[in-house]
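K.L.:
Coordinates for the following, if possible.
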Amino acid sequence: MRILLVAPDPNAPRRRKMWYVPFPQASLPLIAALTPPHHEVRIVDERIEDIDFNEPYDLVGITVMSATAIRAYHIADEFRKRGVRVVLGGIHPTALPQEAKEHADSVVIGEAEGLWERLLEDCERGELQPFYQRDDFPSLSGLPHSRLDLLRGRYLLKHVFQTTRGCPHACGFCSVSTFMGRKYRHRPVEEVIEEIRQYPVQMIGFLDDNIVGNPAYSRELFQSLIPLRRKWVSQGTLRMAEDEKLLQLASQSGCIALFVGFESVNEENLKDMHKSFHRVDQYRKLIERFHKHGIMVIGSFVFGFDEDDISVFRRTLQFIEDTKVDFAQFSILTPLPGTEVFDKLKAQGRIFSFDWSKYDFAHVVYQPAKMTPKELQEGYNFVFQKFYSLPRIARRLLRNWRYLYYFLPASLYYHWVASHPKSVPERNPNPLTSVVY
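P.N.:
This is a model prediction of the structure:
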C-alpha cells in the first residue's frame, strides 16, 4: 500500500509555509518505522509543505491534537471523498473517539505500537475495524528506529528521540498521564544510544515529558551519552537541581537547556493543579544551580488559573527577568478534553468555545475567575511580546553566547510568534463539535 502520514497545521492552507519550525511531530517517524517494509510511506508536515489530495494513496494516517482537530477532520473528509481510507490517532481522538470516528474509517485509541501493525494487516484484507485499542500500555523495549529520513524541510531540532513515557503527577491541566499512564516506562539505554549513533549531528533533543523522572535511569543514560559528545535539550523538573551529582552528570553528557514547568508564580494555583511539589521561594536558587552548570532554563508559565488576576502578567515577567530565565513558553490555560480542567470548567458552564482550533494554548476559550477573557488574552500577548522583544533577546544573548547556534534561531522563532498577537474567539461552538457539546 501507499501510505501517507500527516501532521496537520491548524492554520493551513491560509498561512504561508514557514522557513523552519522547532521540531517534527515525533510520532509519525515512529509509526513509519512500525510499518512493514513492503509498504511505501510518506510523511507530510503541513507547517512546511502542502498536501496533494490527488496523489493515489491507499491509506492516510493523521496524528491529531485538539488544536489540529478541525484541520485534521477537513483533511480526512477530503481524502474520503476520493475513496481513500483514513485513520485518525493521537491525544484528541483518544479523548473523543466517537467524534473522530465521524471523519475516519478507523480510530486508534492510545499509543500506536502493536495496534498500527494489526490495523495494516486488517486494511490489506479489507477488514479495517472502526476502533483499535489495547488494555495496557506498550513496552518501550525493542522499538524500531524512527524514520527521521522521511522528514522534509527545515527544523531547528530535527533529530529527536524519546527515552520515557508516562507521568505519575497527573497535573490537572495536562493530558500526558491520561494518554500515556501514571507510571514511567523506559526504553533500554543501550537501544537509545544505538539509535543516536546513527546520526553524526551536533544537536539532538529528547521529547520526554520528564527525562529525570527516574534518577537511576537518568544517571545511566547521561553516563552513556558522554562518549557521544552530543549537545542536547529536553524536559525535566526543578527537582533535578536538588541533586548536584545528577545535575553535574547532565552537564557533562551535553545538556545545554532544560524545559521546566514552573506553570505559575502563585503557589495556590500550583496546589489546585496538583503541583504542590513546587515551591516558588526555591525557584531562584534552583535556577542558579542550572546556570552554574551551563544549562539554560526554558521556563513554562500558564496564565488563567482561578487565582490569577491581571497583576499576574507583570509579576511573572518581573520574576523571569529577575531569575534570568533564558527562554520562556507562555500558555493560556487550555481545557483539553480528557483532563480534569476540562471536566471542571465544562461542569461549571465556563467554556464558551468548542472550536478546537482555538485550543492551541494561545487563545482564551473559557471564562476566567478573576478577569475577563479579553484581559487574559491581552495580558498573555503583552508578556509574550515583551519577553521576546529584540532588545530583551539581545540582553539574554550576551549571557548565552556559547549556545548561539541554538539560542538565536529559537529566540527569533518565538519573536516571530509573539509578533502575531491572538484575539478572543467568538462565543459560538464550532459546528463540528456542537452536536457533541
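
K.L.:
so where do the strands sit in this protein?
P.N.:
With DSSP state E as the criterion, the chain has strands at 2-7, 40-45, 59-63, 85-89, 106-109, 131-133, 160-161, 164-165, 185-186, 203-206, 231-236, 255-263, 296-303, 327-332.

K.L.:
pLDDT below threshold where in this structure?
P.N.:
When residues are selected by pLDDT under 70, those of the chain lie in 14-19, 167-182, 266-281, 425-437.

K.L.:
let's see 50
P.N.:
Within the chain, the segments meeting pLDDT under 50 span 277, 428-437.

K.L.:
quick one on the thing from earlier: a markdown table for the strands of the chain, including mean neighbour count and distance to residue 384?
P.N.:
No exception for glycine: its C-beta is placed from N, CA and C like everyone else's. Shown next, in a markdown table, are the strands of the chain (neighbours: other CB atoms under 10 Å; distance: least, CB to CB, whole Å):
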| stretch | mean neighbour count | distance to residue 384 |
| --- | --- | --- |
| strand 2-7 | 22 | 24 |
| strand 40-45 | 20 | 24 |
| strand 59-63 | 27 | 26 |
| strand 85-89 | 25 | 31 |
| strand 106-109 | 23 | 34 |
| strand 131-133 | 16 | 38 |
| strand 160-161 | 22 | 24 |
| strand 164-165 | 23 | 30 |
| strand 185-186 | 19 | 34 |
| strand 203-206 | 20 | 22 |
| strand 231-236 | 23 | 20 |
| strand 255-263 | 23 | 15 |
| strand 296-303 | 22 | 10 |
| strand 327-332 | 21 | 5 |
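
K.L.:
Mind splitting the chain into its structural domains?
P.N.:
2-133, 156-418 (automatic domain parsing).

K.L.:
chain center to the last one: distance?
P.N.:
To tie it back to what came earlier, the one meant is domain 156-418. 10 Å (CA atoms, centre = their mean, to the nearest Å).

K.L.:
Including distance to residue 424, could the domains of the chain go into CSV?
P.N.:
Output for the domains of the chain, formatted as CSV (distance: least, CB to CB, whole Å):
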stretch, distance to residue 424
domain 2-133, 16
domain 156-418, 5
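
K.L.:
neighbours around residue 139, how many?
P.N.:
13 (other CB atoms under 10 Å).

K.L.:
does the residue nearest to residue 97 when sequence neighbours are not counted have beta-bridge partners, and which?
P.N.:
Spatial nearest neighbour of residue 97, chain neighbours left out: residue 107 (4.9 Å); criterion: CB to CB, 6 or more residues apart in numbering. Note on residue 107: beta-bridge partners residue 88, residue 131, judged by DSSP bridges.

K.L.:
In contact with residue 107, which residues are there?
P.N.:
With contact taken as CB atoms under 8 Å, 6 or more residues apart in numbering, residue 107 is in contact with 87, 88, 89, 93, 97, 100, 101, 130, 131, 132.
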